[in-house]
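Trainee: I would like the atomic coordinates for the input below:
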Amino acid sequence: MSNSISSSTQLVYNTGYQTFVRFNLMNNFCQNATEDTLMRFVTHCFDSLNLSYQTIKLYLCGIRHHLLLQGIPNPFASDVKLQRLHMLLNGIKRQHRSSRPSRKPITTNILLDLVTTLQKGMFSPYSDLLISTVCVVAFFGFLRCAEFTCKSSFDPESNLCLSDLKVHKDHAVLTLKQSKTDPFRRGIGIKLFRNNATLCPLKQLASYLCLRNRNFNNNPQDPLFVMENGNALTRSYFLAMLKDLLNRSGHADSGITGHSFRIGAATSAATARIEDHLIKCMGRWSSDSYLRYIRTSDSAIQHAQLSMLQSK
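Mentor: Down below sits the predicted model:
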């Protein structure tokens, strides 16, 4: 039952439940999750802890999860009994204004600027090739940052290994052992085709693998992307390098993050008028949620409005 959710979700749920337990102890409340107690806890999270609506909802899910593990009747089973709690949450949702800056896309043009800057030399020959390869692969693979980096320690059961990449004549297949859209770990094969351009994932991978295997071990279970010290590429290291690279290539303070490759890939695909079902397929979306990743420019809206004049 504990393994019914991913390890990252378990961490959030545990944090939420432990926060609830401390709150009850601090106020001499019983540990029963009554509606009154939950309402006081939610108010505490919003007013005192300054948590967002989304985080509070996750904390409530964590409380429910732990109560189920303990065999305690689920107080969330009937919406009728918790109408006041739902009203409170709706009020918080209406008041809450996210301070999180909007994440902007790394489109084809921005990616070309980044790779060109790296090819001229920025860090070291190895790091330049590593970062450029990761950027190109992340873009054409519609990858999330967590899918090509690790948080701290490398885990061959979930992170990318050398054995997860198969290179063929005209394409490469990158196998993700787990991802957000593959919760049951069936594995997803992402095909990256040769395009013979500057932003060619196959050429980038071939050059990187040649240099990587010359400098480090090439055991099949070793990390695919390794830093110059031989350790697996971490999220913090990549984002620090990306920020420095953005500054040097003229895209500083642009709201770009590690998730911007996936957003940029969807945006660039839509700009290129690629059909919706292909965008969903390339991004591994099972619903129309990919639409919120597409950033529409003012010029595109202007062109669409002008086109409307031609429809008769």
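
Trainee: C-alpha from now on. contacts and neighbour counts both.
Mentor: Noted.

Trainee: would you map the helices across the stretch 151-300 of the chain?
Mentor: Assigned by DSSP state H, counting those that start in this stretch, the stretch 151-300 of the chain shows helices spanning 201-215, 235-248, 260-271, 276-283, 298-309.

Trainee: where does the stretch 151-300 of the chain have low pLDDT?
Mentor: Where the stretch 151-300 of the chain drops to pLDDT under 70, the residues are 179-185, 253-254, 286-300.

Trainee: one more time with 80, if that's ok
Mentor: Within the stretch 151-300 of the chain, the segments meeting pLDDT under 80 span 152, 178-187, 252-255, 277, 285-300.

Trainee: check which residues of stretch 29-40 are buried.
Mentor: By neighbour count on 16 or more other C-alpha atoms under 10 Å, the buried set for stretch 29-40 is 33, 35, 37-39.

Trainee: then stretch 225-239?
Mentor: Of the residues in stretch 225-239, 225-228, 232-235, 238-239 count as buried by neighbour count, 16+ other C-alpha under 10 Å.

Trainee: make JSON lines out of those and add distance to residue 53.
Mentor: Output for the buried residues of stretch 225-239, formatted as JSON lines (distance: C-alpha to C-alpha, whole Å):
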{"residue": "225", "distance to residue 53": "36"}
{"residue": "226", "distance to residue 53": "37"}
{"residue": "227", "distance to residue 53": "37"}
{"residue": "228", "distance to residue 53": "40"}
{"residue": "232", "distance to residue 53": "34"}
{"residue": "233", "distance to residue 53": "32"}
{"residue": "234", "distance to residue 53": "29"}
{"residue": "235", "distance to residue 53": "26"}
{"residue": "238", "distance to residue 53": "29"}
{"residue": "239", "distance to residue 53": "27"}
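
Trainee: residue contacts, the nearest residue to residue 148 once chain neighbours are set aside?
Mentor: Nearest residue to residue 148, sequence neighbours excluded (C-alpha to C-alpha, 6 or more residues apart in numbering): residue 160, at 6.4 Å. Counting by C-alpha atoms under 8 Å, 6 or more residues apart in numbering, residue 160 touches 147-149, 175-177, 223-225.

Trainee: against residue 239, how distant is residue 160?
Mentor: From residue 160 across to residue 239, the span is 18 Å (C-alpha to C-alpha, to the nearest Å).

Trainee: same check on residue 192?
Mentor: In this view, residue 192 and residue 239 are 23 Å apart by C-alpha to C-alpha.

Trainee: circling back to that earlier point, what's the closest of the buried residues of stretch 29-40 to residue 83?
Mentor: residue 35 (9.0 Å; C-alpha to C-alpha).

Trainee: from residue 86, how far off is that closest one?
Mentor: The gap separating residue 35 from residue 86 is 10 Å, by C-alpha to C-alpha.

Trainee: returning to what we had before: residue 63: which of the helices of the stretch 151-300 of the chain is closest?
Mentor: So among those, helix 235-248 is nearest, using C-alpha to C-alpha, at 29.1 Å.

Trainee: alpha carbons of that closest one, in PDB - could you do that?
Mentor: Extracted in PDB, the C-alpha atoms of helix 235-248 (Å, rounded to 0.1, in the frame of the first residue of the first chain):
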ATOM      1  CA  ARG A 235      19.500  18.800 -11.400                       C
ATOM      2  CA  SER A 236      21.200  21.500  -9.400                       C
ATOM      3  CA  TYR A 237      24.400  21.300 -11.600                       C
ATOM      4  CA  PHE A 238      22.500  21.400 -14.800                       C
ATOM      5  CA  LEU A 239      20.300  24.300 -13.800                       C
ATOM      6  CA  ALA A 240      23.300  26.300 -12.600                       C
ATOM      7  CA  MET A 241      25.100  25.700 -15.900                       C
ATOM      8  CA  LEU A 242      21.900  26.600 -17.900                       C
ATOM      9  CA  LYS A 243      21.500  29.900 -16.000                       C
ATOM     10  CA  ASP A 244      25.100  30.800 -16.800                       C
ATOM     11  CA  LEU A 245      24.600  29.800 -20.400                       C
ATOM     12  CA  LEU A 246      21.400  31.800 -20.700                       C
ATOM     13  CA  ASN A 247      23.200  34.900 -19.400                       C
ATOM     14  CA  ARG A 248      26.100  34.500 -21.900                       C
END
